[in-house]
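Student: Predicted model and sequence follow; I will ask about them next.
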Amino acid sequence: MSQGSNFVDYVKICCRSGKGGAGSAHLHRDILTSMGGPDGGDGGRGGHIIVVGSSNIWTLLHLKYRKHIIAEDGLAGGSSHKFGRQGKDEILEVPLGTIAKDAETGEVLFEITKDGETKILTPGGRGGLGNAHFKNSVQQTPRFAQPGEQGKEVWNILELKVLADVGLVGFPNAGKSTLLSVVSAAKPEIADYPFTTIVPNLGIVSYRGGKSFVMADIPGIIEGASKGKGLGYRFLRHIERNSVLLFMVPADTSRTIKEEYEILKRELESYNPELMQKPHVLAITKSDMLDEELMAEMKQDLPKIPSIFISSVAEKNILELKDMLWKAIEA
């Protein structure tokens with residue numbers, strides 16, 4: 001994923017499905033028949049607005065400037081029981097992890113989690129029945145037919161929550177982007193100032209035996225993020241879809257490792273208590289500046305979760321970290 005405005009995880013769109021075509025009230029006439037019976041065909045269905053999951057896209061950018069999505073109306077039925085043509089459906093491709101909501105009520109309509117998964121966001125109106133359906137022993141030549149059903153016009157919200165096996169959680173400049181660039185082919189922006197990462201970045205991490213898993217670099221959290229500080233909870237929602245949370249604390253932190261972990265954990269718990277049910281792994285980054293004696297001393301005060309000292313630049317314990325993450329994913 002590229003930085004900045006190319007990453008869009010929220011769009012609000014007006015969806016108008018197609019109107020159904022009217023049924024025909026035609027009565028059969030030809031050179032040999034002057035008073036034939038009803039032969040009106042049914043109207044065609046109005047076009048749906050359909051959402052399809054695609055593993056080839058990572059953002060809702062392509063929908064950012066399409067505020068109005070309008071499907072085609074169905075055509076009216078004809079004589080000789082001819083059906084009207086159905087309106088053309090509007091297909092919206094979305095990344096995996098997209099949730100569709102009703103903009104007025106906030107109700108979650110569905111979510112897309114698989115490649116090729118298809119859901120109807122706004123159904124088209126049904127076509128009207130032709131007069132042939134209304135013929136009976138009492139009314140043998142009905143001169144009426146059903147009108148087509150009106151389409152729907154509603155405002156919907158599409159919201160993306162990034163799907164990944166491992167989510168990186170930490171304060172700004174904890175080394176999250178550096179780790180992602182070392183273990184995958186992703187090229188996130190890396191610099192020595194806070195909030196270098198302002199959008200989520202995804203990378204595919206190769207593992208033993210041809211296996212792999214997806215790692216997500218989430219923008220840095222600061223104390224009070226769950227209350228809207230910093231980048232606030234705008235990107236906290238992406239953490240909800242990660243199977244394992246990798247907490248990253250730099251060895252040169254001004255607090256203790258345990259204090260920093262507890263602050264991060266508290267912010268996530270304030271946002272969504274269910275995040276505490278996910279497996280947690282702790283990586284102490286930038287540990288190439290530590291000697292064995294200092295690391296042994298620091299280990300005495302670490303939280304009671306799987307933890308490891310790493311250095312992304314020196315590639316220290318990176319393979320061991322992958323082993324630890326894979327074990328947590330498979331648990």
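Tutor: Ah, there it is.
Student: quick one, helices of the stretch 51-200 of the chain?
Tutor: Applying DSSP state H, counting those that start in this stretch to the stretch 51-200 of the chain gives helices spanning 176-183.
Student: Show the low-confidence segments of it, by residue range.
Tutor: 186-199 (pLDDT under 70).
Student: how close does the residue lying closest to Gly170 once chain neighbours are set aside get to Gly77?
Tutor: Leaving aside its chain neighbours, Gly170 sits nearest to Met248 (3.8 Å; criterion: C-beta to C-beta, 6 or more residues apart in numbering). Bear in mind the C-beta positions are built from the backbone N, C-alpha and C, glycine included. Per C-beta to C-beta, to the nearest Å, Met248 is found 64 Å from Gly77.
Student: Would you confirm that the residue nearest to Gly170 contacts Val169?
Tutor: Yes. At 6.9 Å, Met248 counts as touching Val169 under the criterion of C-beta atoms under 8 Å.
Student: quick one, which of those two is more surrounded?
Tutor: Counted by other C-beta atoms under 10 Å, Met248 and Val169 do not tie: Val169 has more neighbours, with 29 against 26.
Student: Was I right to think that one contacts Ile218?
Tutor: Yes. The pair formed by Val169 and Ile218 meets the contact definition of C-beta under 8 Å, at 6.5 Å.
Student: any residues in contact with both of these two?
Tutor: Shared contacts of Val169 and Ile218 (C-beta atoms under 8 Å, 6 or more residues apart in numbering): Ile239.
Student: just to revisit the earlier point, following the helix or strand the residue nearest to Gly170 falls within, which helix or strand comes up?
Tutor: Under the criterion of DSSP states H and E, Met248 resides in strand 242-250. Counting by DSSP H and E, the next helix or strand C-terminal to strand 242-250 is helix 257-271.
Student: roughly how far out does that following helix sit from the chain middle?
Tutor: Distance, stretch centre to chain centre, for helix 257-271: 26 Å (C-alpha atoms, centre = their mean, to the nearest Å).
Student: Could you do stretch 139-155 as well?
Tutor: 37 Å.
Student: Span of it from start to end?
Tutor: Stretch 139-155 has an end-to-end distance of 43 Å (criterion: C-alpha to C-alpha, to the nearest Å).
Student: ditto for stretch 139-153
Tutor: Note: stretch 139-153 ends 37 Å apart using C-alpha to C-alpha.
Student: which other residues reach that stretch?
Tutor: In contact with stretch 139-153 (C-beta under 8 Å, 6+ apart) are residues 14-25, 27, 35, 37-38, 40, 43, 46-47, 71, 73-74, 76-77, 122-131, 134-135.
Student: Separate out the buried members of those.
Tutor: Buried residues within the contacts of stretch 139-153, counting neighbours by 16 or more other C-beta atoms under 10 Å: 15-25, 27, 38, 40, 43, 46-47, 71, 73-74, 76-77, 122-131, 134.
Student: Could you double-check that Gln86 lies in contact with Arg45?
Tutor: Yes. Under the criterion of C-beta under 8 Å, Gln86 makes contact with Arg45 at 4.8 Å.
Student: When those two are compared, which one has more neighbours?
Tutor: It is Arg45, of Gln86 and Arg45, that has more neighbours when counted by other C-beta under 10 Å, with 27 against 21.
Student: what does the model give that one for pLDDT?
Tutor: On pLDDT, Arg45 comes in at 97.
Student: show me the contacts for it.
Tutor: 18, 20-21, 74, 86-87, 124-127.
Student: repeat for Asp115
Tutor: Asp115 makes contact with 53-55, 96, according to C-beta under 8 Å, 6+ apart.
Student: are any of those residues buried, and which?
Tutor: By 16+ other C-beta under 10 Å, those give 53-54, 96 as buried.
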